[in-house]
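Colleague: What would the 3D arrangement of this be:
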Amino acid sequence: MVDLSQDRVGEFRGEWCGQWSLRPIGGGVEWTVAPEAARPADPIERLRAELARANRRSRGEVL
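Modeller: As a prediction, this is how the structure comes out:
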């Protein structure tokens with residue numbers, strides 16, 4: 001999913017009190033977003049997010 005309010009890509013984790021919970025690709029701290037402020041990610045957007053995480057991991061910035 002793409003959080004349009006923050007321009008972030010995340011995996012849908014569930015719904016709570018009318019808000020959707022998203023988590024960064026590959027793990028991390030979840031955040032909430034209103035359903036109307038999110039849309040499904042295109043395959044290229046998901047690939048870019050996965051590649052960015054892999055690059056940060058190779059540099060030792062994340063585990």
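Colleague: residues near residue 49, how many?
Modeller: 19 (other CB atoms under 10 Å). Heads up, the C-betas are built off the backbone N, CA and C, glycines and all.
Colleague: Spit out the contact partners of it.
Modeller: Contact partners of residue 49, counting by CB atoms under 8 Å, 6 or more residues apart in numbering, are 9, 24, 25, 41.
Colleague: Kindly indicate which of the residues you listed lies nearest residue 32.
Modeller: In terms of CB to CB, no member of those lies closer to residue 32 than residue 24, at 13.4 Å.
Colleague: unless I'm mixing things up, that closest one is touching residue 56, no?
Modeller: No - Residue 24 lies out of contact with residue 56 (CB atoms under 8 Å); the separation is 10.4 Å.
Colleague: more neighbours, those two?
Modeller: Higher neighbour count among residue 24 and residue 56: residue 24, with 17 against 13, using other CB under 10 Å.
Colleague: Ramachandran coordinates for the more buried one?
Modeller: Note on residue 24: its backbone torsions stand at phi -60, psi 150 [degrees, to the nearest 10].
Colleague: roughly how far apart are it and residue 8?
Modeller: 7 Å (CB to CB, to the nearest Å).
Colleague: again with residue 41
Modeller: 10 Å.
Colleague: So the most centrally placed residue in the chain: helix, strand or coil?
Modeller: In the chain, the C-alpha nearest the mean C-alpha coordinate belongs to residue 10, at 1.4 Å (CA atoms, centre = their mean). What DSSP: H, G, I helix; E, B strand; the rest coil gives for residue 10 is strand.
Colleague: if I read this right, it contacts residue 4, doesn't it?
Modeller: No - applying CB under 8 Å as the test, residue 10 and residue 4 come out as separate, 11.7 Å apart.
Colleague: This protein: helices as residue ranges?
Modeller: Along the chain, the segments classed as helices by DSSP state H run 43-58.
Colleague: Right, I'll leave it there.
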